[in-house]
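**Q** need coordinates for the below:
(one chain, ligands or ions: 1)
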Amino acid sequence: MDNYKLLITGGLPLIGETYVSGGKNTSVAVIAASLLCDEPCTIENLPDIEDVHVLVDILTNLGAQVEFDTAARRMYIDPHKVASCVVPYRQSQRMRASYYLLGALLGRFGQAEVGYPGGCAIGNRPVDQHLKAFRALGAEVEEKGAVIYAKGKMTGAGVFFDRITVGGTINAMLAAARAEGTTVLYNVAREPHIVDLANFLNSMGCKVKGAGTGTIRIQGVRYLHGSTYTVIPDQIETGTLMIAAAATRGDVVIRGCIPTHMEALTAKLLEMGVQVSDTDDAIRVRTLRGHRAVNIKTQEYPGFPTDLQQPMSAMLTKASGDSIVIETIFESRFKHLIEMQRMGARVRILDDTAIIEGVPELYGAPITATDLRAGAALVVAGLMAKGVTEIYEPAYIERGYEHMEEKLRALGADIHREAL
Ligand code: EPU
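**A** A predicted model of the protein is given here:
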C-alpha cells in the first residue's frame, strides 16, 4: 500500500514477547564500509527497512553486486565491479547515510562525488566535521551546488573533532581504513554502532583500536579481506518498544537486545516508576502504577539518546507532574509534541526546551508524522490515547523500523493501515 494512514485504537496494554531487529544506523555504516573490501562480504541480521533498500540501490548503481535476502536478513556484497565514484543528488538525498559513500569511496579509490544527503528534517545538519576529517587525511574537498567532490590519497593524520558527531566519526573511520599510516581521531562519538563498525573493519583485517572511547586509532591497511559479519540489534527500536510497553501500562519481554546499550533509558524509566529487569539479551518492562514526571536532557552516548527523546516525551504527556525535556542535539525535534496538542497534550516549547504538564488522558485525533522518530512517538501517543488516532505520513516509520505494526499487533495493539 503506497499511500495510506495508520489507524490506532488506543488504550490496550501491550502484553507478551517481541524481538529486536538489526540496528538501522549500524547497518547503513557497515554496508557502506563493505565497499572498502577487496573481496565479497556477507552481512547478517540486517533490518528489512527502507533505508537499507535505498543503500542497496546506491551500491548497485555504483556497480557492486548486491543480493539482499530479506527473509534471511542477509546481504551479499561483491564490490569488485564498482566502476563509478559518483552518487548523484537524486540518489543521495533519499537518505542521510548516503554521505558514508564519501568516506568509503575516498578510502577505496581516493575520489568521490556524492550529492548532499537527505534524511529526517530534524534541524540544521551540517557536514563540516566530515569534510574537515577528509581534508586532514589529504583530500581536496569542494562543495559545488548540491554535490561534494573529494579527491586525494588518504594518509594517516590526527583529527580533533570540534563537536561530537556520529556521522563524522564513521566517515573519518571509513576514509582512514586503507590510508597509509596511522590516523588518530579525537573527541569522537562512542555510540554502539561506532564499535560495531570498528569490529566489522577489524574483521576484514583493518586495525582499529579505541572504538567506544573518546579516541580512535586506525592503522590503515593495504588489503582488506572478505568477511561474514552480524550487525548488533537496534538500540533505538529496543528503546521504542520499551517506551511503548511502559506507556500502555503493559508487560513486555523484548528479546535479542543488548541491555547495556539501554542504560540511560532504563534509568529514566525506573525513575518514572516503571519496572525494568534484564538478562543477557532480553529486557522486561512492566508498569504497575502511574508514571512520575521526569526531566530529560539529550546527550551523546552514553547519555540519553536524541532518537528516543521523541517517543519518551510522547509518553511523558500522561505522567503525573511537569517534565522538562531539553534537546541538545537537533533543534527541530519537538514537532510530534505540537501534533499531540491536538490529542490533549499540554506542552510549551521554548527553543530547545519542552515543558510538559502531564494530563490524565489523551484523545485520538488526526496527526501527522514529520520524521522517523516523530512517527514512532505518534504511534506511542496513539497507543496511549482514548479512541482512534489517525497518523498521516506514516511511511517515515518504514525508513527505520522493521515491521513495527506487525510487532505491535502481536503484542495486542489495535493498529492497521487504511488506504488514502
Ligand atoms: N554536526 C555538526 N557538524 C558536522 C556533523 C554534525 O555541527 O559535521 C552537529 C549536528 O548538527 C548535530 C550534532 O552535531 O547537532 C550531532 O550530529 P551527528 O553527526 O552525531 O548526527 P548524524 O550522524 O547526522 C546520526 C544518526 C541520527 C542520530 C544522530 C545522533 C545515522 C544515519 N543517523 O546522525 O539518527 O539522531 O546520529 O545520535 O546514523 C534517526 O535514526 O532517526 C536519526 C536521526
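**Q** in stretch 61-81, what counts as buried?
**A** Buried residues in stretch 61-81, counting neighbours by 16 or more other Cβ atoms under 10 Å, are found at 62, 64, 66, 68, 73, 74, 75, 77, 78, 79. Where C-beta positions appear, they are placed from N, C-alpha and C, glycine not excepted.
**Q** of these, closest to the ligand?
**A** Relative to the ligand, the closest of the buried residues of stretch 61-81 is residue 75; by Cβ to the nearest ligand atom it sits at 17.2 Å.
**Q** can you name the next helix or strand after the strand or helix carrying the closest one?
**A** Residue 75 is part of strand 74-78, with elements assigned from DSSP states H and E. Note on strand 74-78: by DSSP H and E, the next helix or strand toward the C-terminus is strand 86-87.
**Q** so what strands line up beside the strand holding residue 75?
**A** Strand 74-78 has the following sheet partners, assigned by DSSP bridges: strand 41-44 (antiparallel), strand 65-69 (antiparallel).
**Q** got the contact list for the shortest one?
**A** Read that as strand 41-44. Contacts with strand 41-44, where a contact means Cβ atoms under 8 Å, 6 or more residues apart in numbering, come from 22, 27, 30-31, 34, 73-77, 79, 204, 226-231.
**Q** for residue 87, give its distance to residue 359.
**A** 46 Å (Cβ to Cβ, to the nearest Å).
**Q** out of the contacts of strand 41-44, who's near the ligand?
**A** Applying Cβ under 6 Å from any ligand atom to these, one finds that nothing falls near the ligand.
**Q** on that earlier part again, residue 87 and residue 359: which is more packed in?
**A** Per other Cβ atoms under 10 Å, whichever of residue 87 and residue 359 has more neighbours is residue 87, with 24 against 16.
**Q** and the pLDDT for the more buried one?
**A** Predicted confidence (pLDDT) for residue 87: 96.
**Q** residue contacts, it?
**A** 58, 61, 62, 98, 101, 112, 113, 114, 115.
**Q** check which helix or strand residue 17 maps to.
**A** Secondary structure (DSSP H and E) places residue 17 in strand 15-19.
**Q** residues in contact with the residue of the chain found nearest the ligand?
**A** Closest residue of the chain to the ligand, Cβ to the nearest ligand atom: residue 167 (2.7 Å). If you count contacts by Cβ under 8 Å, 6+ apart, residue 167 has them with 96, 97, 99, 100, 127, 130.
**Q** with pLDDT added, can I get the residues you listed in TSV?
**A** TSV is the format used below for these (pLDDT from 0 to 100):
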residue	pLDDT
96	90
97	93
99	94
100	97
127	94
130	97
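**Q** switch these over to TSV; also include secondary structure, neighbour count and distance to the ligand.
**A** Output for these, formatted as TSV (DSSP: H, G, I helix; E, B strand; the rest coil; neighbours: other Cβ atoms under 10 Å; distance: Cβ to the nearest ligand atom, whole Å):
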residue	secondary structure	neighbour count	distance to the ligand
96	coil	20	4
97	helix	25	4
99	helix	27	8
100	helix	28	8
127	coil	19	5
130	helix	26	5
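**Q** closest one of those residues to residue 247?
**A** Nearest to residue 247 out of the contacts of residue 167 is residue 96 (Cβ to Cβ; 27.0 Å).
**Q** quick check, the closest one in contact with residue 117.
**A** Yes - between residue 96 and residue 117 there is a contact at 5.0 Å, judged by Cβ atoms under 8 Å.
**Q** got the domain boundaries for the protein?
**A** 4-20+233-419, 24-230 (automatic domain parsing).
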